[in-house]
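**Q** structure of the sequence below:
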Amino acid sequence: QVQLVESGGGLVQAGGSLRLSCAASGRTFSNNIMGWFRQAPGKEREFVAGVSWSGRTTRYADSLKGRFTISRDSDKNTVYLQMNSLKPEDTAIYYCAAKYSSDTYSFSRGDGMDYWGKGTLVTVSS
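**A** Reported below is the predicted structural model:
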């Protein structure tokens, strides 16, 4: 079994930045896509970003391009989400997810994830 543990959430003012981390631990974990989803109060979960095992392929939600950057260190089994120019509407619980796949499109649909983290809360104040 693999565990995903998120960290880095917190309270930030609008316009500020946060960096989320998600560390995977447990059994050997490779050849996967890792990424982030978020769920705001009263809203459905939505895709944020995903990155391939090599780190060379990334996919973002269209509305977040330019503000959020995803990266990973596969040696450390860790994925990062750098969030800049944060807005109050970015307030949500951010969940890390992983899927044994090379298809970032299917990952972005949120289908068939192999692992989910418990989430980290990001609150952006106006």
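
**Q** just the strands in the chain please.
**A** 2-7, 10-13, 18-26, 33-39, 46-51, 58-60, 68-73, 78-83, 92-99, 115-116, 120-125 (DSSP state E).

**Q** quickly run through the sheet partners of the shortest one, with directions.
**A** This points to strand 115-116. Paired neighbours of strand 115-116 in the sheet (DSSP bridges): strand 92-99 (antiparallel).

**Q** what mean pLDDT does the strand it pairs with have?
**A** Averaged over strand 92-99, pLDDT sits at 97.

**Q** please save the CA atoms from that strand in CSV.
**A** The C-alpha trace of strand 92-99 is given here as CSV (Å, rounded to 0.1, in the frame of the first residue of the first chain):
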residue,chain,number,x,y,z
ALA,A,92,-10.3,24.7,-0.8
ILE,A,93,-9.0,21.5,0.5
TYR,A,94,-6.2,20.3,-1.8
TYR,A,95,-5.9,16.6,-2.3
CYS,A,96,-2.9,14.8,-3.6
ALA,A,97,-3.6,11.8,-5.9
ALA,A,98,-1.7,9.2,-7.8
LYS,A,99,-2.5,6.9,-10.6
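
**Q** if anything else comes up later, I'll come back, but that's it for now.
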